[in-house]
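Participant: My questions concern the predicted model and sequence given below.
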Amino acid sequence: MKTFTIAIGSDHAGFTYKEAIRDMLLAEGHTVRDFGTYSPERCDYPDFCFPVARAIAAGEFERGIVLGGSGNGEAMAANRVIGVRCGVCWNEQVAVWNRSHNDANCLSLGERTISLEAAMSIVRVWIATEFEGGRHLQRIQKLDSLA
């Protein structure tokens, strides 16, 4: 299995899953940097999602994962950074499309919407899925040209 450099961050609502996912990724041989939060105390997701997204856009990390209660705000924050393509995934099939069709370099998950078991499975599938290219490449290029 190929290993990646991965940036990860969450607010308080995604903290528990972030901790578990970070540990799983490290155990599987990936290089991971945790951008916080470092406790379950209330905080604001942009404070952690922006640094993850900026690190991806700067080429410091190949992939990123952001987490929160629903994953929606976290994805919105990450997508504000040019060069980041982040989508919320709630099952394995959506994770496959996120990577294979959209060449997503950032995954967003909602701790309040899926089980930890599902989140771990989604991350593994998302990490393992390659971009298909082909007809999807022109769409990615259009997205990049709009920035």
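Facilitator: Sure, I can see it.
Participant: in this structure, which spans are helices?
Facilitator: 15-27, 46-57, 72-79, 92-100, 116-128, 135-146 (DSSP state H).
Participant: got CSV for these, with mean neighbour count too?
Facilitator: Quick note: C-beta positions are derived from backbone N, CA and C, even for glycine. Converted to CSV, those look like this (neighbours: other Cβ atoms under 10 Å):
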stretch, mean neighbour count
helix 15-27, 18
helix 46-57, 22
helix 72-79, 22
helix 92-100, 18
helix 116-128, 18
helix 135-146, 11
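Participant: excluding its backbone neighbours, what's nearest Phe4?
Facilitator: Glu62 (4.6 Å; Cβ to Cβ, 6 or more residues apart in numbering).
Participant: What of Pro40?
Facilitator: Phe15 (4.7 Å).
Participant: got a list of what the one you found touches?
Facilitator: Thr37, Ser39, Pro40, Leu67, Glu111 (Cβ atoms under 8 Å, 6 or more residues apart in numbering).
Participant: Pull the CA coordinates from the least confident helix or strand in the chain by mean pLDDT and hand them back as CSV.
Facilitator: Using mean pLDDT, DSSP states H and E, helix 135-146 stands out as the lowest-scoring helix or strand of the chain, at a mean of 89. Extracted in CSV, the C-alpha atoms of helix 135-146 (Å, rounded to 0.1, in the frame of the first residue of the first chain):
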residue,chain,number,x,y,z
ARG,A,135,-13.1,12.9,-18.9
HIS,A,136,-12.8,14.1,-15.3
LEU,A,137,-9.6,15.9,-15.9
GLN,A,138,-11.2,18.7,-17.9
ARG,A,139,-13.6,19.3,-15.1
ILE,A,140,-10.8,19.7,-12.6
GLN,A,141,-9.0,22.0,-15.0
LYS,A,142,-12.2,24.1,-15.3
LEU,A,143,-12.4,24.3,-11.5
ASP,A,144,-8.8,25.5,-11.3
SER,A,145,-9.4,28.1,-14.0
LEU,A,146,-12.2,29.6,-12.1
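Participant: quick check: angle from that helix to helix 92-100?
Facilitator: 70 degrees (axes from the mean of the first three to the mean of the last three Cα atoms, to 10 degrees).
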